[in-house]
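Participant: Generate coordinates for the sequence data below:
(chains A, B and C)
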Amino acid sequence: MFSRRWRFGFDRFAEVDLFTERHETSAETLSQAIRAAASEEPDADGSVLFGHLRGTVVGLRYYTGVVNQGEMVGLVRQPQNPYDRNAVMVANVYGNQVGHIKKELAAAMAYVMDNNLAKVEGVVHSGTKNTFTMPVNLSFWGKEENKNTVMESMARRGYKLNTGVGIQAGAYQTSSSGPGARGFPSKKGLTIPLTAEELKNAFDNLFEGLIESQDGEKEAAEAVSTPLLPHQKQALSWMCARENKSALPPFWEKRGELYYNSLTCFSAKEIPERVRGGILADDMGLGKTLTTISLILTNFHNGKPLPVVTCEKQFSPMKAKTQMSSRLEGSSSAGMSDTAGDSLCSEGAQVEVTPDVVEIADEPEKSTSKGKKAVKRKPSKEASVLFEDLDFAAALSGSTSDTTSKKKKTANVTQLHAGVKSSIAENTDDLSARTTLIICPLSVLSNWLDQFEQHVHSNVKLNVYLYYGSERNRSKKFLSSQDVVITTYNVLSSEFGNKSPLHGINWLRVVLDEGHVVRNPNAQMSKAVLDLKAQRRWILSGTPIQNSVKDLWMLLAFLRLKPFDVREWWNRVIQRPAMHGERAGMQNLQTLVKCITLRRTKTSEVNGRPLVSLPDKKVYVEQVELSQSEREEYERIHKEGKNIIKRYVAEGTVLRNYADVLAILMRLRQLCCHPDLVAKILSDLGAAATPAELRERLIEKLRLVLASGSDEECSVCLDSVRLPVITHCAHVYCRPCIAQVISTEQERARCPLCRSEIKTSELVEFPQEELEEESSTKSERWRTSSKVQALMGNLLRLRCEDSSIKCLVVSQFTRFLTILETPLREHGFSFVRLDGSMNQKQRTQVIQEFQSSAADSPVIMLLSLKAGGVGLNLTAASRVFLMDPAWNPATEEQCIDRCHRLGQKKKVVVTKFIVKGSVEENMVKIQRKKQDLVEKAFGSTNADRKTSRIDDIRALMELC
DNA sequence: ACCGCCGGGTGCC
DNA sequence: ACCGCCGGGTGCC
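Facilitator: Numbers count the residues shown, from 1 in each chain, chains lettered A, B, ... in the order given. Below is the predicted model of the structure:
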């Protein structure tokens, strides 16, 4: 412990006891102190190397921290040191103090460090066996603008920083096996930095192509009622192994008697603390929730199932607590006979423990000696006795015992700094820990409850407590007696620092659902998450990397992947090298991630067979003939538009007038669906207009195109535009895409399409889902269209054949959905509608209604093409009608996947309506071309894109 | 620390 | 000798 260290020096000085006491009460271990300091660790981004210095570490004999040759050390300011306010402490990777920086140098460094002028990093190359002092190579890193100040201030005190790319080069290791290539491109050209593109690809691929689990499969405990799919059994097996096996964490190897970390060069006598847990990063829909529930029930202690009480009579598996029923109205979990179930069980008459779960490891695995004592207790028939045994076992194991730690203190044992909390509560199995804490976003809370109900045998009494709502039970004793406690990130972070019971419990397991939501390490939520005490930690996420390597730190820190849970080591060994495009850094990152992550995608295979086999999917195109009057109007507008575009093509101004072109195309596409969709106000770009007016009108046209719901393409990412912004020159891009263009080209930034100057200040935001005025359509009399007729014909036929089949009717144009409501109502179809204008609550409501299998549940969902994220689950439908083609075939695919996904029982039939002899047909051709390009996976140049766009337009308008 | 520094013991060769 | 020299005690910040 921190204060113990000081004792050696302080005992002689009565007055410093005050100081000692202060630290005693806060009882911080050094590693915790460093971790706390690490939250203020400057971001490694954009810092440059100022230079190196050879310094001296003194006072080695007073501390137990050891270092190996080439090992990195941490330099921590100690402004409270009573002997020298300038003191700089030296600690090894594990946070064990090694010594101090010699005082003269410390004085110089203190100024630089305290004013945040530079971050000083140390590496020890020699003298690690010395008794009294050892040399240390210091490197100074910081912002370019601080360089001179730092150099001068060091020089003033007689320390000249060596700026040459010298032999020592500040790297902590120069051998090729290690990360010695860190820092700066070596002159020998050993490291060729990755290009920005390669770097991005590396990030994107970080979670791809991970080796599939070699652990085989594991059956879930009997209490799990749902049979697991093969890949879920695999995941369960992997998760159990990660919790039980003591495989060395990444980069650790055994060298003789010692354990050695090849990245940090740290070695230890003890087996390094393993990461019990990891990241389950399976794709959406592969059953992460079910797998986690299985883990909870299957792997209690020492690989044995959770001891659960079963009742002979059937009742709701969950003890639905008051909050659960009151909070989640509409959730099916709250109902039924839970009160009856409670009383049944509490009376105890029918209480019985299933034989196979009583035995808590009669054959203990090779666990710690302390663990053995605990598990050798006899199996019991009584659940209550069993728990007492466990408590007793915990006492034996000494997890809370004071005597153990006192012994350690006096014996001056090496590992004191690893921290009492972590070394004891986590190294040895604290068999009294029972509860799994699940933290999730509010939006999936009810899903967890439903899934527990759905997948746990109805005669098993699993105590699941929803820690949510103002009436929640904050008793630590109560919470830690539960099997599962579920709460939200918001509740967790609001309790943090406020004598939070959640932080006072030693959890058996903490599960972060949608773990990627925790990203910013400075956020209260992150701190709250990191501060939880648990033996095992899991992160569930369908999208583990959202932006960059930076986000990963939070995940690894949560998992306590030593030593990278301390930001400094993470920055030095992983993040900075990776950001600088060093292959070694990226590779190390990849290795780390691989070791702790299981990720399968829908396309992954198990033993050569697809992970999940979905029912068939058939896609049909149904050609629609326009009526004579529709055709006449279409041809009239087509001719007009063709002439305008022809002129643009001749003038070479297609791209400059792109918004107008889009508007013309839009009008034609709308005509194919329904004549009333065409906006009446689309004024012509009159010849009399000034350039400024012209631009205004172009932008206005683009707004209308976007507002109608059309799925436009961003020319930077070539994908559907996300968070659209409109440039001054009336082109639309994803905000992040254009922001990147502007930041890379700086002042000279130009529109990728027309090369006009673009400025951030001139970008026009466009709200994602703008509400449309529907007044115009309502005032007029409703009329039909050929496409409406085509759809209704299909729907009526289907109702005769099989009235139980549910349909998705999809359009990009929300106003078209509105038009469709009239005939649906007329024919007595019960339907719901889901579009972008709806809030979260409305969406959930509608989805729930539609997904319901009740007899009177809606048969049709009117769905706007882009509504809802990838997570939108509409498996109740097995028939899809795509009313109009999208530019981007992938968008249509995603939409279809909302019903053609895990959980779909029927074969899926998709009908695409395409108007014969119209832009729609041409769009389909272009879609195919795009698909080909995607499949060829090429990188086209900007010029290619521009010409191909013009080609597209010509093809669409049949100008060729 | 196989050093440097401090301070007491000592004092030609 | 108000010195030099010797040798023991001692030692981070």
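Participant: in stretch A:244-261, what's buried?
Facilitator: Using 16 or more other C-beta atoms under 10 Å as the burial criterion, the residues of stretch A:244-261 that qualify are A:244, A:249, A:250, A:251, A:252, A:259, A:260, A:261. For every residue, glycine as well, the C-beta is placed using N, CA and C.
Participant: can you pull the contacts of residue A:569?
Facilitator: Listed by C-beta atoms under 8 Å, 6 or more residues apart in numbering, the contact set of residue A:569 reads A:72, A:74, A:93, A:264, A:563.
Participant: Could you report the pLDDT at the one residue in chain A that gets nearest to DNA strand C?
Facilitator: Of all residues in chain A, the one sitting closest to DNA strand C is residue A:59 (2.3 Å; C-beta to the nearest atom of the strand). According to the model's per-residue confidence, residue A:59 sits at a pLDDT of 93.
Participant: tell me the phi and psi of the closest residue to it other than its chain neighbours?
Facilitator: By the measure of C-beta to C-beta, 6 or more residues apart in numbering, the closest residue to residue A:59 outside its immediate chain neighbours is residue A:99, 4.3 Å from it. Recorded main-chain torsions at residue A:99 are phi 170, psi -150, according to degrees, to the nearest 10.
Participant: Residue A:99 contacts residue A:56, correct?
Facilitator: No: with the criterion set as C-beta atoms under 8 Å, residue A:99 and residue A:56 do not qualify as a contacting pair; they are 9.0 Å apart.
Participant: Those two: which has the busier surroundings?
Facilitator: With other C-beta atoms under 10 Å as the criterion, residue A:99 and residue A:56 differ in neighbour count, and residue A:99 comes out ahead with 25 against 19.
Participant: what's stretch A:237-244 in contact with?
Facilitator: When contacts are taken as C-beta under 8 Å, 6+ apart, the neighbours of stretch A:237-244 outside the stretch itself are A:213, A:215-218, A:247, A:275-278, A:280, A:291-292, A:295, A:298-299, A:302-303, A:365, A:509, A:536, A:538, A:596, A:598.
Participant: Please work out how many residues are found near the residue in chain A that DNA strand B sits nearest to.
Facilitator: Using C-beta to the nearest atom of the strand, the single residue of chain A nearest to DNA strand B is residue A:132, 4.0 Å away. Residues lying near residue A:132 (other C-beta under 10 Å) number 13.
Participant: Identify the residues contacting it.
Facilitator: Taking C-beta under 8 Å, 6+ apart as the contact definition, residue A:132 lies against A:58, A:59, A:60, A:61.
Participant: ok, which of those also contact DNA strand B?
Facilitator: Among the contacts of residue A:132, the ones lying close to DNA strand B by the criterion of C-beta under 7 Å from any atom of the strand are residue A:58.
Participant: Of the contacts of residue A:132, just the buried ones, ChimeraX syntax please.
Facilitator: When burial is assessed using 16+ other C-beta under 10 Å, the buried subset of those is captured in ChimeraX by this command:
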select /A:58,59,60
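Participant: got JSON lines for the contacts of residue A:132, with distance to residue A:704 too?
Facilitator: Output for the contacts of residue A:132, formatted as JSON lines (distance: C-beta to C-beta, whole Å):
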{"residue": "A:58", "distance to residue A:704": "74"}
{"residue": "A:59", "distance to residue A:704": "74"}
{"residue": "A:60", "distance to residue A:704": "74"}
{"residue": "A:61", "distance to residue A:704": "78"}
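Participant: Take the contacts of residue A:132 and lay them out in JSON lines including secondary structure.
Facilitator: Formatted as JSON lines, the contacts of residue A:132 follow (DSSP: H, G, I helix; E, B strand; the rest coil):
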{"residue": "A:58", "secondary structure": "strand"}
{"residue": "A:59", "secondary structure": "coil"}
{"residue": "A:60", "secondary structure": "helix"}
{"residue": "A:61", "secondary structure": "helix"}
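Participant: that older thread, now do the contacts for the residue of chain A closest to DNA strand C.
Facilitator: Contacts were defined as C-beta under 8 Å, 6+ apart; by that measure residue A:59 touches A:99, A:100, A:132, A:133.
Participant: which phi and psi does it have?
Facilitator: Per degrees, to the nearest 10, the backbone of residue A:59 is at phi 80, psi 20.
Participant: what's the neighbour count on residue A:627?
Facilitator: Neighbour count of residue A:627, defined by other C-beta under 10 Å: 12.
Participant: for residue A:282, same thing?
Facilitator: Residue neighbour count, defined by other C-beta under 10 Å, stands at 24 for residue A:282.
Participant: Doesn't it belong to a helix?
Facilitator: No: inclusion of residue A:282 in a helix is not indicated when three-state DSSP is applied; the result is coil.
Participant: ok, the residue nearest to residue A:783 when sequence neighbours are not counted - how many residues close by?
Facilitator: The shortest distance from residue A:783 to any residue other than its chain neighbours is 7.1 Å, reached at residue A:676 (C-beta to C-beta, 6+ apart). Other residues lying near residue A:676 total 19 when counted by other C-beta under 10 Å.
Participant: same check, this time on residue A:611
Facilitator: 22.
Participant: Then residue A:836?
Facilitator: Other residues lying near residue A:836 total 17 when counted by other C-beta under 10 Å.
Participant: just residue A:801 next, same as before
Facilitator: Counted with other C-beta under 10 Å, residues neighbouring residue A:801 total 8.
Participant: Now cross-check the contacts of residue A:59 against DNA strand C and list the overlap.
Facilitator: Okay, of these touching DNA strand C (C-beta under 7 Å from any atom of the strand), that's A:99, A:100.
Participant: give me phi/psi at residue A:599?
Facilitator: As for residue A:599, its main-chain torsions (degrees, to the nearest 10) stand at phi -140, psi 130.
Participant: Without its sequence neighbours, what residue ends up closest to it?
Facilitator: For residue A:599, ignoring the flanking residues on the chain, the nearest one in space by C-beta to C-beta, 6+ apart is residue A:281 at 4.0 Å.
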